[in-house]
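**Q** got a sequence here, can you build the structure:
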Amino acid sequence: MFAAALDRPTAVPHDLFAAIRDLKRELNAVILAHYYQESEIQDIADYIGDSLGLSQQAAQTDADVIVFAGVHFMAETAKILNPHKQVLLPDLEAGCSLADSCPASEFAAFKARYPDHLVISYINCTAEIKALSDIICTSSNAVKIVQQIPPEQPIIFAPDRNLGRYVMQQTGREMVLWDGSCIVHETFSEQKLVQLQVQYPEAEVIAHPECEPPLLRHASFIGSTTALLNHVQRSDRAAFIVATEPGILHQMQKAEPQKQFIPAPPEGNCACNECPHMRLNTLEKLYFCMKTRSPEITMDESVRSAALRPIQRMLAMS
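**A** Modelled structure (predicted):
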């Protein structure tokens, strides 16, 4: 799926921001970045968003080159939507634990056990899983999409079991769930969260629906990354404990500098609440991938066209 990287130049410009802007003009490129990227990448990006917003931007762009500062399933989605554009990813190792938890061959066998079921797959999956799906969803629109499915139609939901459980609670629909999860969102400590609530009694707990159910029970607001950002801007609360990847705190602090944002803690004393895949991308790698126009995302056309249909259904239903 990925073209081999070319040899990179060794010289790093003194002003990376200026060099990246120059390359962007030269290539007629757009830089799309997820909220979980490091703050410097967010600051240089043309568009920052969650999976739904990034998909919509990728579908609408008139740029010749799409530079995707995110993980590989996101860059794949951009390529699926833009087969004739060049799509670059700063680091090919920027994968996704959730996508990895759902191998295509195993999911095909799982799907075959439920031949009458409609397959709704969370966008955090590989192109091969998208090609096996009927509709793609994101955490922003999963509830809305499931609500549009006739009640008599049985559903398989993949690959995130936690998002699937949350959607079931919100819609009252029973669904068959694939047993996948995100290493970041399942690592938050409920015990440490409760301790934080004692320490910051005025802070509101807000959480992403990929979190484990015990953690979600403490949240007064649950939503996608964009929904969390919008919530803290609308709320009159002065402090928030945020249970999702802490990259979003950069945008929250920029939007509401007078408010306090406290990242929910993981188990142990690690930085496990930071996505190790997202954080593989750096400003230097972003520059080099634009300078060398590699690594480039490539894809078998049969997989791409099969994966395109469920994405188009999602965009139409959103």
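
**Q** report all helices and strands that the helix or strand where Leu286 lies contacts.
**A** Element membership of Leu286 [criterion: DSSP states H and E] is helix 283-292. Applying 3 or more Cβ pairs under 8 Å, 6 or more residues apart in numbering; DSSP states H and E, we find helix 283-292 packed against helix 16-27, helix 39-44, strand 65-69. Every residue, glycine included, has its C-beta placed from N, CA and C.

**Q** highest average neighbour count across these?
**A** Compared across the helices and strands packed on helix 283-292, strand 65-69 shows the largest average neighbour count, a mean of 26 (mean count of other Cβ atoms under 10 Å).

**Q** give the rounded mean pLDDT of that one.
**A** Average pLDDT, strand 65-69: 96.

**Q** so what does the next helix or strand after it touch, helix or strand wise?
**A** Beyond strand 65-69 in the direction of the C-terminus, DSSP H and E gives the next helix or strand as helix 72-81. Packing contacts for helix 72-81, counted by 3+ Cβ pairs under 8 Å, 6+ apart, involve strand 29-34, helix 51-60, strand 65-69, strand 86-88, helix 127-131, helix 301-317.

**Q** recalculate using a threshold of 7 Å.
**A** Counting contacts by 3 or more Cβ pairs under 7 Å, 6 or more residues apart in numbering; DSSP states H and E, helix 72-81 packs against helix 51-60, strand 65-69, strand 86-88, helix 301-317.

**Q** now render the ones you listed as TSV, adding distance to Ala78.
**A** Shown next, in TSV, are those (distance: least, Cβ to Cβ, whole Å):
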stretch	distance to Ala78
helix 51-60	4
strand 65-69	5
strand 86-88	5
helix 301-317	11
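
**Q** what's the most buried one of these?
**A** Highest mean neighbour count among the helices and strands packed on helix 72-81 (mean count of other Cβ under 10 Å): strand 65-69, a mean of 26.

**Q** what angle do that strand and helix 16-27 make?
**A** 150 degrees (axes from the mean of the first three to the mean of the last three Cα atoms, to 10 degrees).

**Q** circling back to that earlier point, show me the one of the helices and strands packed on helix 72-81 that comes nearest Thr226.
**A** Ranking those by proximity to Thr226 (Cβ to Cβ) places helix 51-60 first, at 6.1 Å.

**Q** list the helices and strands the closest one packs on?
**A** strand 29-34, helix 72-81, helix 301-317.

**Q** any idea of the angle that helix forms with strand 29-34?
**A** 170 degrees.

**Q** could you dump helix 51-60 to CSV, C-alpha only?
**A** Taking C-alpha atoms only, helix 51-60 is exported to CSV below (Å, rounded to 0.1, in the frame of the first residue of the first chain):
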residue,chain,number,x,y,z
SER,A,51,-11.9,11.8,11.1
LEU,A,52,-15.2,13.1,9.7
GLY,A,53,-13.9,16.6,9.1
LEU,A,54,-10.7,15.4,7.6
SER,A,55,-12.6,13.0,5.3
GLN,A,56,-14.9,15.9,4.2
GLN,A,57,-11.9,18.1,3.5
ALA,A,58,-10.1,15.4,1.6
ALA,A,59,-13.2,14.9,-0.6
GLN,A,60,-13.4,18.7,-1.3
